[in-house]
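1. need the 3D shape of this:
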Amino acid sequence: MTRKLYIKTFGCQMNEYDSSRMADLLHGSHGFERTDDPGQADMVLLNTCSVRDKAQQKVYSQLGRWNMLKAANRELVIAVGGCVASQEGEQIMKRAPEVDIVFGPQTLHRLPAMLDKVLTRKTAAVDVSFPEIEKFDSLPSPRVEGPRAYVSVMEGCSKYCSFCVVPYTRGTEFSRPFDDVITEVVELAGQGVREVILLGQNVNGYRGATHDGGIMEFAELLHYVAAVDGIDRLRYTTSHPVEVTDALVAAHADIPELVAHLHLPVQSGSDRVLERMKRGYTSSDYMRWIDRFREACPELSVSSDFIVGFPGESGEDFARTMELVEYVRYDQSYSFIYSPRPGTPAAELEDGVDMQEKKQRLMTLQARIGEFAAEYSRRMVGTRQRLLVEGAARKFPNQLSGRTENNRVVNFDGPSSLAGRFVDVVITEALPNSLRGRLGPNDSQQAA
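-> All right, here's what the predicted structure looks like:
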C-alpha cells in the first residue's frame, strides 16, 4: 500500500522549494506520495518559517491539532522542519512530545535516515546542524509538476540586518556550484519546464564555483540558464540592493528570456531607519539602481518588501518611505508591521511607536501601492500579453490560467491542450486580484 505524506508549509518561496524537495526525497526513499488530507497521511510534516511574529505560536498550535491525529493513529509520524525547528531544536519535543523528527533547513536531505531511525528504533530524531552544500549533493533530481519550477542557487545570508533571523536559522551565504545548478535546469527543461525561478535569500549575491576553478557571478549565471534549450522565461528572487551590479542591470536589457519584472526589497525609505536596520545602502542608492534598471528595461515593473514601524521610526521617517513609494510607483509589495525576532540586535532597541500608529502607516502604504497596482492592471486592458499557461484556473476550472511577465494571473477560455505552452492573450478586464483575457487570433487558430 502506498504511504501518504502531508506537508504544510509556512513562509517564503525558499520554504516552498524545500517542501517540494522533501517530497521528492521521501518518495525516492520510502515511496511516499503527497496527499492534501492530513487525516489520510502516514506522515505529516510542518515546514516552518520564523521571519514573522508569533511563528512559534503558529507551530505549536498546528502541532496541537496534529496531536489529535496521532491519538487516533499511533503509527503516524510527525516531523517539524525549517527555521523554527532550527531555532527551537529539542525544545520542540519537550513542548510537543508527539513530534518524532526535528530538522533544520540544511539537514532536510537527512530525512530518510531520520525516518528510518524513528520506524526501526522507535526513537525520536533531531538534527539542526549546518552542513551547507551537503544538502544539495544528497538531493534527488526534482519531480516536475507544471511548466514552472524553482531552482535554489544559493542559501543563507551574511548581511546580518538587525531585524532578521535568517543568518541564525539558515546559516551564512553559500552558493551551489555552477555545474550543479545548470544540470538541474537542463533536467527540468527535459521534463517540460518552460519557466525557471532562481531562488536565494540574496540570490543576486550568487558566487558559484566553476569546474575550472573560477567563480561565476549571478549575472553570468542568468545568461547560461537562459541559454538552456526549452527555458523560455526566467525570473529570480529575492535580490538585495547591495549586490546589484552593472552586469545585472545589463542582463535585463540583453536577455530576452528574463522577465520585465524586478523584486528588490528596500524595507524603508528613511536613511536613518536603513542605517538602524544595517541594510548597507541609502534611499538615494536604491533609487539610482531603479533608474538604471528602467533605462535598461523601460517596461520594467518593480515590487518590494517594507517593514513599517521599525523601532524609533518617526512620522518623518515614514514620510520618506512614502516619498520613495511615489518615486518608484511599485507594482506590488510585501509589507508588514515590524515584529521583534528573538536573538536579533533590533529586538534590543527601544520601540516607542504606538501600535495603532503602526497599523495606520501600514494601511497608508498598502493602499497607495494598491492604487499603483490597480493602475498598472487597468493599463494592461487592451494589450496583448504573452502567458505561460499553467493549467485550469483555480476559481474557474472551466477556464485556463496563465501568468504574465509582471506576474499577474490571467484567466481565459481555451482548450486544456494549451497547458504548458506560451500563448498570446488580449487582456479584456482588470479585476482586483487577476485579469481576464481572450486568446489572440494566432493562438485561437492553433487551439482549434
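2. packing partners for the host helix or strand of Val410?
-> Here Val410, judged by DSSP states H and E, is contained in strand 409-412. If you count contacts as 3 or more CB pairs under 8 Å, 6 or more residues apart in numbering; DSSP states H and E, strand 409-412 packs onto strand 384-392, strand 400-403, strand 422-430, strand 435-439. All C-beta atoms are positioned from the backbone trio N, CA, C, and that covers glycine.
3. tabulate those in JSON lines, adding columns for mean neighbour count.
-> Shown next, in JSON lines, are the helices and strands packed on strand 409-412 (neighbours: other CB atoms under 10 Å):
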{"stretch": "strand 384-392", "mean neighbour count": "19"}
{"stretch": "strand 400-403", "mean neighbour count": "24"}
{"stretch": "strand 422-430", "mean neighbour count": "18"}
{"stretch": "strand 435-439", "mean neighbour count": "21"}
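4. can you put the ones you listed in CSV and add mean pLDDT?
-> As requested, the helices and strands packed on strand 409-412 are arranged in CSV below (pLDDT from 0 to 100):
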stretch, mean pLDDT
strand 384-392, 95
strand 400-403, 95
strand 422-430, 96
strand 435-439, 96
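5. in a markdown table, list those strands along with distance to Asp331.
-> Putting these into a markdown table (distance: least, CB to CB, whole Å) gives the following:
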| stretch | distance to Asp331 |
| --- | --- |
| strand 384-392 | 14 |
| strand 400-403 | 14 |
| strand 422-430 | 13 |
| strand 435-439 | 13 |
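6. hang on, the earlier thing: with just CA atoms, put the strand holding Val410 into PDB.
-> Output of strand 409-412 as PDB, limited to C-alpha atoms (Å, rounded to 0.1, in the frame of the first residue of the first chain):
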ATOM      1  CA  VAL A 409      -2.700  35.800 -13.200                       C
ATOM      2  CA  VAL A 410      -4.900  35.900 -16.300                       C
ATOM      3  CA  ASN A 411      -7.900  33.600 -16.700                       C
ATOM      4  CA  PHE A 412      -9.300  32.900 -20.200                       C
END
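7. give me the sheet partners of that strand and which way each runs.
-> strand 400-403 (antiparallel), strand 435-439 (parallel) (DSSP bridges).
8. so what touches the first one?
-> Right, strand 400-403. Identification of contacts with strand 400-403 by CB atoms under 8 Å, 6 or more residues apart in numbering yields 148, 387-394, 409-414, 416, 418-419, 423, 425.
9. one more time with 7 Å
-> 387-394, 409-412, 414, 418, 423, 425 (CB atoms under 7 Å, 6 or more residues apart in numbering).
10. next one: stretch 79-87
-> 11, 15, 43, 45-50, 55-56, 59, 92, 99-105, 108, 128, 165, 169-170.
11. out of the residues you listed, list just those in helices.
-> 15, 55-56, 59, 92, 169 (DSSP state H).
12. looking at those, spot the one nearest Ile182.
-> Of all these, Ile182 sits closest to Asn15, with 24.0 Å by CB to CB.
13. what distance do you get for that closest one to Val84?
-> Distance of Asn15 to Val84, computed by CB to CB, to the nearest Å: 11 Å.
14. dump the residue contacts of Thr2.
-> 31, 33.
15. try 6 Å this time
-> Each residue near Thr2 by CB atoms under 6 Å, 6 or more residues apart in numbering is listed here: Glu33.
16. please apply the same query to Phe103.
-> Phe103 sits in contact with 81, 127, where contact means CB under 6 Å, 6+ apart.
17. do you know how far it is from Ala125?
-> Distance from Phe103 to Ala125, by CB to CB: 8 Å.
18. repeat for Asp285
-> 46 Å.
19. bridge partners for Tyr334, pull those for me.
-> Here Tyr334 sits in beta bridges with Asp305, going by DSSP bridges.
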